[in-house]
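> Next input, structure requested:
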Amino acid sequence: MINVAYIGNGKSTNRYHLPFILKLKDQFNVKTIYSPSGKIRWDTIPGVHYTTDLNDIYNDPEIQLVVVTTPSQFHYATAKDVLNHGKNVLVEKPFAETSQQARELFTLAKQKQFFIQCYQNRRFDSDFLTVQKVIHSGLLGDLLEVESNYDYYRPEVPEQAKGFSKINSFLYGHGCHTLDQVLSFFGKPDNVHYDVRQLLGKGHMNDYFDISMYYGQMKVRVASSYFRIKPRPSFVIYGKKGMFIKKRMDRQEEHLKLFYMPNHENFGIDRPEDYGTLTYYDENHNYHEQKVVTVNGDYSRVYAGVYETLVNNQKKLVQDEETIQQIEMLEQGIKQCN
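Purely as a prediction, here's the structure:
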């Protein structure tokens, strides 16, 4: 059993972490949750100690893992503080603002022999897992092009944002998810082309990005916008023998926002009308078009991976090099905004 503390008690902790770690009752015990204000806007968990004193975490020898869910601009400093107080640490995305900060944290963790990793929960999105299943089937043949889209229609977000911020940009906040998916599956690209914009003009929030990564003859593109009334398909995959379209993105976040939690049997599960469509020619040149049952997503698999690393010495789910490469790409892309 691993005793866990959270630094941060906002939306991230309560929506994207606690519902999933609480599923793993045999592996984790949430002991302490810290917030500087002491304000509690979410339902409290019986048996958890809520505090405004960080020393309740740092001076507790029973706490083995600290999860950092502060606002993004405090991730680096807080994670460094946790390591210096002798604790393993899991850091919300984006891991840090610069690749230099990321390297410093990984070096410090190795020196002190503690665990540190970025929380990349969208590796376990249902649409992304289904795409992997289709690719591994071989029915598409050699891959030519992969499109990943993550669209909103929320113009009020960039319109109300106060000025430009690198670490709080759309690219850092959401591109870190889609870039991580690409890097985790395809590895480091040969070349990258960036189109990162402020659709409302300079000095405003970054609200659009379109990044193309090239692997030999294959192109992988991730794109997102705050101004899409009708979102593009979540994934479109083209191969020499066929294609796959998954229109609807993973439903876990949708259900979480409705307070429909993972303890429900059909949490995050696609309906048949949400299944992706696979179209291909077989080896006899016969045409096929069929629905592909969506692989179930499950963000608790991040915590399951952390447990395996800390208890059974398994390889980290998110490798240090993947996190550094991702942040280097975020740094390069955001240079187009100011």
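
> give the contact list for the closest residue to K240 other than its chain neighbours.
Nearest residue to K240 in three dimensions, chain neighbours excluded: G141, at 3.8 Å (CB to CB, 6 or more residues apart in numbering). Where C-beta positions appear, they are placed from N, C-alpha and C, glycine not excepted. Going by CB atoms under 8 Å, 6 or more residues apart in numbering, G141 touches 239-242, 280.

> go on, Y281?
Here Y281 is in contact with 241-242, 287-288 (CB under 8 Å, 6+ apart).

> can you do 10 Å?
Y281 makes contact with 139, 141, 240-242, 287-288, according to CB atoms under 10 Å, 6 or more residues apart in numbering.

> Against N9, how distant is S37?
9 Å (CB to CB, to the nearest Å).

> Looking at these two, which one has more neighbours?
More neighbours surround N9 than the other of S37 and N9, with 25 against 9 (other CB atoms under 10 Å).

> Now that one. Nearest residue, chain neighbours left out?
Nearest to N9 is S35, by CB to CB, 6+ apart, at 3.8 Å.

> I'd like to know how many residues surround that neighbour.
S35 has 19 neighbours, counted by other CB under 10 Å.

> Settle this for me: it is touching A5, isn't it.
No - between S35 and A5 there is no contact under CB atoms under 10 Å: 11.7 Å.

> Low-confidence stretches in the stretch 101-250 of the chain?
Residues of the stretch 101-250 of the chain meeting the criterion pLDDT under 70: none.

> Strands of that one, start to end?
Ranges of strands in the stretch 101-250 of the chain, per DSSP state E, counting those that start in this stretch, are 116-119, 143-149, 191-197, 208-215, 218-225, 235-239, 242-246.

> Just the CA atoms of the fourth one, as CSV, please.
As requested, C-alpha coordinates have been extracted for strand 208-215 and formatted as CSV (Å, rounded to 0.1, in the frame of the first residue of the first chain):
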residue,chain,number,x,y,z
TYR,A,208,-4.7,27.4,-32.0
PHE,A,209,-2.0,25.0,-33.1
ASP,A,210,-1.3,22.6,-36.0
ILE,A,211,1.9,20.6,-35.7
SER,A,212,3.1,18.1,-38.3
MET,A,213,5.6,15.5,-37.5
TYR,A,214,7.4,13.4,-40.2
TYR,A,215,8.6,9.9,-39.8
